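> this is a predicted model, with the sequence first.
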Amino acid sequence: MGRRARGTIFFRIILPASVATNLALGLYIIASLRPDGWIGWDVALTACLCCFVAGFLTAAGWSRSYWGGVMTRQVGAWRQIVDAIFVWLDDLPVSADAMLKLKRSVDDAIVGGK
């Protein structure tokens with residue numbers, strides 16, 4: 001299983017299941033609270049921790065989703081810019097060797113950035 005497939009499984013199946021489990025556990029504990037002494041407050045703190053973990057996992061999933069979309073749009077925009085530059089350079093009197101060198105360097109930059 002590749003790294004990308006593991007990431008997809010984690011962020012589409014495991015992360016939402018973890019969020020739901022932690023949130024349900026936190027809400028269950030909070031709903032049954034009757035703080036009576038230090039043990040009651042320990043239960044309350046455990047419930048707060050479960051809700052915090054659920055919120056943290058939700059924020060992590062949202063953040064990855066949001067920034068993944070932003071980066072995809074950014075890469076698309078830069079590829080359009082590079083394509084426009086190549087079209088513009090095709091009209092200039094530049095040697096074919098220099099064009100191939102430029103294309104290789106751009107391809108290396110794109111492949112190296114993935």
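Okay, I see it. All values reported here derive from a predicted model rather than from experimental measurement.

> report the buried residues of the helix or strand bottoming out on mean pLDDT in the chain.
Within the chain, judged by mean pLDDT, DSSP states H and E, the helix or strand with the poorest mean is helix 3-9; its value is a mean of 72. Buried residues in helix 3-9, counting neighbours by 16 or more other Cβ atoms under 10 Å, are absent. Heads up, the C-betas are built off the backbone N, CA and C, glycines and all.

> same question for the helix or strand that comes right after it, mean pLDDT?
Proceeding N to C from helix 3-9, the next assigned helix or strand is helix 15-31, under DSSP states H and E. Computed over helix 15-31, the mean pLDDT rounds to 84.

> and the least confident helix or strand of the chain, how far from the chain's centre?
Centroid displacement of helix 3-9 relative to its chain, using Cα atoms, centre = their mean, to the nearest Å, is 12 Å.

> the residue in the chain sticking out farthest from the centre in helix, strand or coil?
Relative to the mean C-alpha coordinate of the chain, counting by Cα atoms, centre = their mean, the farthest residue is P93 (43.4 Å). Assigned by DSSP: H, G, I helix; E, B strand; the rest coil, the conformation of P93 is coil.

> try R34
From three-state DSSP, the assignment for R34 is coil.

> just give the number of residues close to V82.
Summarising burial for V82: neighbours were counted as other Cβ atoms under 10 Å, giving 16.

> I figured it hits A109, correct?
No. Between V82 and A109 there is no contact under Cβ atoms under 8 Å: 9.2 Å.

> packing partners of the longest helix seen in the chain?
Longest helix in the chain by number of residues (criterion: DSSP state H): helix 37-90. Judged by 3 or more Cβ pairs under 8 Å, 6 or more residues apart in numbering; DSSP states H and E, the packing partners of helix 37-90 are helix 15-31, helix 96-113.

> angle of the longest one against helix 37-90?
Orientation note: helix 96-113 sits at an angle of 170 degrees relative to helix 37-90 (axes from the mean of the first three to the mean of the last three Cα atoms, to 10 degrees).
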